[in-house]
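Visitor: Sequence and computational prediction follow.
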Amino acid sequence: MGHPYLDLTPMGHPWYFTANGTLPDTKNQKRRNMNNISLTQATDLADKYMTDKTIGLEIELLDPLNRESTVIEQASEMGIKMRSYNNCEHGVKSHWKFVKEYSVRGRELVSPPLPPKELFRQLHIILELLEANDYKVDTSCSVHVHHHAKKYSHKRLRYFLNHIVKNEVNFDCLVASSRRNGRWCRSMKAELDCLVQSPDQPQWSRCNDLGIHQCPNGESASGRGSARYRKWNFHAMALYGTVECRQHQGSLDFSKIVLWLALTQNMVSRCHTKVKYTKGWDNPMCNLLMSLGFAKRKGKAIKPHCPLAKWVCESVVSRMESFGFSDRAPELDLSPDHLDIEGDEIFIEGCGWTPKEQLRILFPSLSCLHV
């Protein structure tokens, strides 16, 4: 008696009813701390929101010395192949590799190209091994991601560049200040009009077969030239058939890396359809999350499509807040819809969360009760 909310749901359920039987205001309830995602949930996220196109991961690390062989041995015991190289070893391998990295006081751990579900499985194990062996990261470190794009034409790459530039500020809001326009991951905005050309444009002769300019803004892409040091490296297309996102800061956090992979792979997939040239336009984060398929518009807010999309949207808001961009964070409507299902319960408008078992007695022919 006297409590402002009556708990009519199992312990830990996120939905509660006010004393008059209505739901409290759940719009824009932003979590200050990003919730961790389990390996099972990450696999479900890959099933629902990612493709099977391979992803290559590069994790820069501070070297704790004399631990590399231990990690390799422990990984082998877990069924993961890993080798150590004394040089940079840029070739694509079928195993994980420790290689030399000149930009940090340590090493770089590079994955083979793997589909998301298998990458998540192996990554979950490897990150635990790295932490158990005292590997660390600092502001000099970063995480690079190579997304498969072998069959992308210059037109599709042009759409992708348009999409990157109009959402550059959104991704800046999800990373540390050192990764917003640093030496190794500079802005793409200055290259919007020159990086990807078509055959009818005057600088086509300075492009490779994919229409990627080999000397954008005077910086060479030949060999391993400085033109690749952008937030997105298009010059990886000629070497590996990938586009490389170089923007994320160093991390050994499974949940943060999963979120980044889900967002960036969906960015690449989005360019299958036309993305208009919009120079000078900074897309709101709510529009980005809707265009990537995680949410829909509901009034002034956006509403995640399902619990997995809810985790993505809440994590994005959490990251934006932690980096000081609360003013740009989208408003989330987290209220359940009529007949939403979570586990063994269904949300009935006007009644709240109700066990399926009880509803089956009353409505035995209702199909959603037997899912």
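Guide: Yep, it's here.
Visitor: Format the CA atom coordinates belonging to the host helix or strand of Arg360 as CSV.
Guide: Assessed by DSSP states H and E, Arg360 sits inside helix 356-362. Taking C-alpha atoms only, helix 356-362 is exported to CSV below (Å, rounded to 0.1, in the frame of the first residue of the first chain):
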residue,chain,number,x,y,z
LYS,A,356,1.0,-17.5,-22.2
GLU,A,357,-0.1,-20.4,-20.1
GLN,A,358,-3.0,-18.5,-18.7
LEU,A,359,-4.0,-17.1,-22.1
ARG,A,360,-3.9,-20.6,-23.7
ILE,A,361,-6.7,-21.6,-21.4
LEU,A,362,-8.9,-18.7,-22.4
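Visitor: What strand or helix carries the residue nearest the centre of the chain?
Guide: Centrality entry for the chain: nearest residue to the mean C-alpha point is Trp260, 2.2 Å, by CA atoms, centre = their mean. Assessed by DSSP H and E, Trp260 sits inside helix 254-270.
Visitor: other SSEs contacting the very next helix or strand once past that helix?
Guide: Counting by DSSP H and E, the next helix or strand C-terminal to helix 254-270 is helix 285-291. In terms of contacts (3 or more CB pairs under 8 Å, 6 or more residues apart in numbering; DSSP states H and E), helix 285-291 is packed against strand 295-298, strand 301-304, helix 307-322. From N, CA and C alone the C-beta is placed, and that goes for glycine too.
Visitor: And the helices in the protein?
Guide: Ranges of helices in the chain, per DSSP state H, are 39-49, 68-77, 116-132, 154-166, 168-172, 236-240, 254-270, 285-291, 307-322, 356-362.
Visitor: Buried residues, the last one. List them.
Guide: Same thing as helix 356-362. For helix 356-362, a neighbour-count test (16 or more other CB atoms under 10 Å) marks 356, 359 as buried.
Visitor: For that helix, the averaged confidence score.
Guide: What helix 356-362 shows for mean pLDDT is 79.
Visitor: what do you get for the first one?
Guide: Average pLDDT, helix 39-49: 95.
Visitor: Could you name the helices and strands sitting against that helix?
Guide: Identification of packing neighbours for helix 39-49 by 3+ CB pairs under 8 Å, 6+ apart yields helix 116-132, helix 254-270, helix 307-322.
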